[in-house]
Each structure stands twice: as structure tokens, then as C-alpha cells.
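Enquirer: test case, fold it:
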Amino acid sequence: MEVELKMEGFKVYRRGLVAFNIENLAKILKCNIEDKATAELIFGEETLSVKIVSEKYNSVIERTLEAIDLTKNYLCEFGLSKEKLFVQ
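Expert: Got it, this is the predicted structure:
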């Protein structure tokens, strides 16, 4: 997943690169389909803070993901099916 933030939207902007485990992020963001929840992502130098506010349960969950080192080699595997691929 790639997130692009435009410089025009910030008073202070510094280009940087931070990587996180996408499976861990997906687990944190998973919620009940009937719940209207909002997620706030706060990018730090070496962390990603996630704050989820649930309307249904009237609760707040806060989690932090540590950045991963992109200079190391991580074993990964992914697949892509033609049914899920589309061109805009």
C-alpha cells in the first residue's frame, strides 16, 4: 500500500520513507461491518499510531506499529488474480 501526501496540505513538510508490516496494519484496522468507525493514522519517524473511534460501541482503540528496516531482506509472497485486477 502506498500513501501519497501532497505538500500543499501541510504547513511543515519533510519528505521521508517509513515502512510498516501491512498484515499487522490490516489486523488493527479490521472492524465489525455494522460499526461506523473512523481511523486516524499518525505517521512518526519510526512508528505509526492508529486511533480507531467506534460509533457503535462508543469506544476508542489506540495501537502503535513499529517501523520495519527496509535495508533488511524480508521473506514475502503475494498473488494477483485477473478477477481482482482492473484498469482505470
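Enquirer: sketch out the low-pLDDT regions of the protein for me.
Expert: Within the chain, the stretches with pLDDT under 70 are 1-7, 9-16, 73-74, 76, 84-88.
Enquirer: what about the strands in it?
Expert: 37-43, 47-54, 59-66 (DSSP state E).
Enquirer: turn those into a markdown table, columns for mean neighbour count and distance to Gly79.
Expert: For glycine as for every other residue, the C-beta is placed from the backbone atoms N, C-alpha and C. Listed next are the strands of the chain as a markdown table, based on neighbours: other Cβ atoms under 10 Å; distance: least, Cβ to Cβ, whole Å:
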| stretch | mean neighbour count | distance to Gly79 |
| --- | --- | --- |
| strand 37-43 | 12 | 26 |
| strand 47-54 | 16 | 25 |
| strand 59-66 | 13 | 24 |
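Enquirer: let's have the ones you listed in a markdown table, adding distance to Glu77.
Expert: Formatted as a markdown table, the strands of the chain follow (distance: least, Cβ to Cβ, whole Å):
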| stretch | distance to Glu77 |
| --- | --- |
| strand 37-43 | 26 |
| strand 47-54 | 23 |
| strand 59-66 | 21 |
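Enquirer: and these: which comes nearest Lys72?
Expert: strand 59-66 (13.3 Å; Cβ to Cβ).
Enquirer: and the closest one, which strands flank it?
Expert: Using DSSP bridges, the strands paired with strand 59-66 are strand 47-54 (antiparallel).
Enquirer: one step back: what's the closest of the strands of the chain to Leu17?
Expert: With Cβ to Cβ as the measure, strand 37-43 is the member of those nearest Leu17 (10.8 Å).
Enquirer: excluding its backbone neighbours, what's nearest the most centrally placed residue in the chain?
Expert: Nearest residue to the geometric centre of the chain (Cα atoms, centre = their mean): Leu25, 5.4 Å. Distances taken as Cβ to Cβ, 6 or more residues apart in numbering place Leu65 nearest to Leu25, at 6.3 Å, with adjacent residues excluded.
Enquirer: pretty sure the one you found contacts Glu46?
Expert: No: using Cβ atoms under 8 Å, Leu65 makes no contact with Glu46, being 9.9 Å away.
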